[in-house]
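S.K.: Sequence and predicted structure, then a few things I'm wondering about:
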Amino acid sequence: MNQPLSNIKAAILDMDGVIWKSHQPLCDLKLLFKEFKRHQINFLFATNNAMSTVEQYVEKFASMGTVVEPWQILTSSIATGYMLAKDFPNGGPIHVMGSPALETTLAEYQFTNTDKDPIAVVGGLDPLTSYERLKKASLFIQSGIPFYFTNPDATYPTPEGLCPGAGTFLAALETASGVKAKLAGKPFPYVFEAGLERLKFPAQQTLVIGDRLETDILGGYRAGCKTALVLSGVATRADLESWSPAPDVVLENVMDLFDLME
Ligand SMILES: [Mg+2]
């Protein structure tokens, strides 16, 4: 049974499985934004997907009739840039094995893609994958260059079924190099640290909303936030029974959130 949510001032929402499934909305987005405004809750969206840029997400929201500001979008590419900037505050040349969106995003953090003398290797879901690309990245990693990766999600759901996710490419590079990557996306802290910095409220007053227990709920819990599991995506009530830490609230749909705030 859900307890009322009191004193929530900010929210970090996952996208796929929470507000939409691919291109199919799961709620009335305009109404969602209106309700957040009415309850004076500052909010942003955070996804482990590193295949789209912030601009592409802003466009996707616009195509569904809503306006988000660029600061309201966090991707695992941004989390990777945030993590790299902590280790390399001045930026520098890196070797990227991932999507064009990852390369573009990291360039905004002053990390440019190179095949010569990189200071780090950064991997992600690589739509251009080939033996040559895997070989190049693996050889750099074996030479001792620090190895980073956007997120470990093994698969991602599509209308065709579960397709190879970033974790598939992570496994390939870790197997080839014998080195474990430093990871950026949820449940690791960088997305939540970056989100809390942007929202400007303490973790205890921030609600993390997501459809995956092992990324959204675990990450939110570790960050010290309140957590809400929505059942409109991956996780089911049956999954909850064998899971700890339990989310603070469980919702059929994200819009049910506001019933707990009246
Ligand atoms: Mg999701």
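M.R.: Looks like it came in fine.

S.K.: only C-alpha atoms for contact and neighbour calcs from this point on.
M.R.: OK.

S.K.: Quick check: the residue of the stretch 101-250 of the chain nearest the ion.
M.R.: Closest approach between the stretch 101-250 of the chain and the ion, counting by C-alpha to the ion: Asp211, at 5.0 Å.

S.K.: That residue: neighbour count?
M.R.: In terms of burial, Asp211 registers 28 neighbours under the definition other C-alpha atoms under 10 Å.

S.K.: Distance of the nearest residue to Leu139 once chain neighbours are set aside relative to Ala137?
M.R.: With C-alpha to C-alpha, 6 or more residues apart in numbering as the criterion, Leu139 has its nearest non-adjacent residue at 7.2 Å, and that residue is Ser177. According to C-alpha to C-alpha, to the nearest Å, Ser177 and Ala137 sit 9 Å apart.

S.K.: More neighbours: which of these two?
M.R.: Neighbours per residue (other C-alpha under 10 Å) separate Ser177 from Ala137, with Ala137 holding more: 23 against 20.

S.K.: quick one: contacts for that one?
M.R.: Contact analysis of Ala137 by C-alpha atoms under 8 Å, 6 or more residues apart in numbering lists His95, Val96, Met97, Val121, Leu173.

S.K.: State whether it is indeed within a strand.
M.R.: No: using DSSP: H, G, I helix; E, B strand; the rest coil, the secondary structure at Ala137 is helix, not a strand.

S.K.: And it, what's its pLDDT?
M.R.: pLDDT recorded at Ala137 is 98.

S.K.: Equivalent analysis for the one 3 residues further on, please.
M.R.: The predicted local distance difference test score for Phe140 is 98.

S.K.: all helices in the stretch 1-150 of the chain, in order from the N-terminus.
M.R.: 29-38, 54-63, 76-87, 100-108, 131-142 (DSSP state H, counting those that start in this stretch).

S.K.: do you know how far the residue nearest to Gly17 when sequence neighbours are not counted is from Asn253?
M.R.: Distances taken as C-alpha to C-alpha, 6+ apart place Gly233 nearest to Gly17, at 3.8 Å, with adjacent residues excluded. Computed as C-alpha to C-alpha, the Gly233 to Asn253 distance reads 9 Å.

S.K.: Can you check which residues contact both of these two?
M.R.: Joint contacts of Gly233 and Asn253 (C-alpha under 8 Å, 6+ apart) are Val18.

S.K.: Report pLDDT for Pro152.
M.R.: Per-residue pLDDT puts Pro152 at 92.

S.K.: Can you name the residues that contact Ala176?
M.R.: Contacts for Ala176 (C-alpha under 8 Å, 6+ apart) come out as Ser138.

S.K.: between the contacts of Ala137, which is nearest Gln204?
M.R.: Of all the contacts of Ala137, Gln204 sits closest to Val121, with 35.0 Å by C-alpha to C-alpha.

S.K.: in the sheet, who's paired with the closest one?
M.R.: His95, Phe147 (DSSP bridges).

S.K.: Can you report how many residues lie near it?
M.R.: Around Val121 there are 24 residues (other C-alpha under 10 Å).

S.K.: now Gln40, nearest residue through space, not along the chain?
M.R.: Lys9 (6.9 Å).

S.K.: Starting from Ala171, give me the distance back to that neighbour.
M.R.: 39 Å.

S.K.: out of the two, which sits in the more crowded spot?
M.R.: The neighbour comparison of Lys9 against Ala171 (other C-alpha under 10 Å) goes to Lys9, with 20 against 15.

S.K.: mind listing what the more buried one touches?
M.R.: Contacts of Lys9 (C-alpha under 8 Å, 6+ apart): Gln40, Ile41, Asn42, Phe201, Gln205, Thr206.

S.K.: tell me the average confidence for stretch 69-80?
M.R.: Here the average pLDDT along stretch 69-80 is 97.

S.K.: Indicate whether that stretch makes contact with the ion.
M.R.: No: with C-alpha under 5 Å from the ion as the criterion, the ion is not reached by stretch 69-80; the gap is at least 12.1 Å.

S.K.: Fine by me, we can end here.
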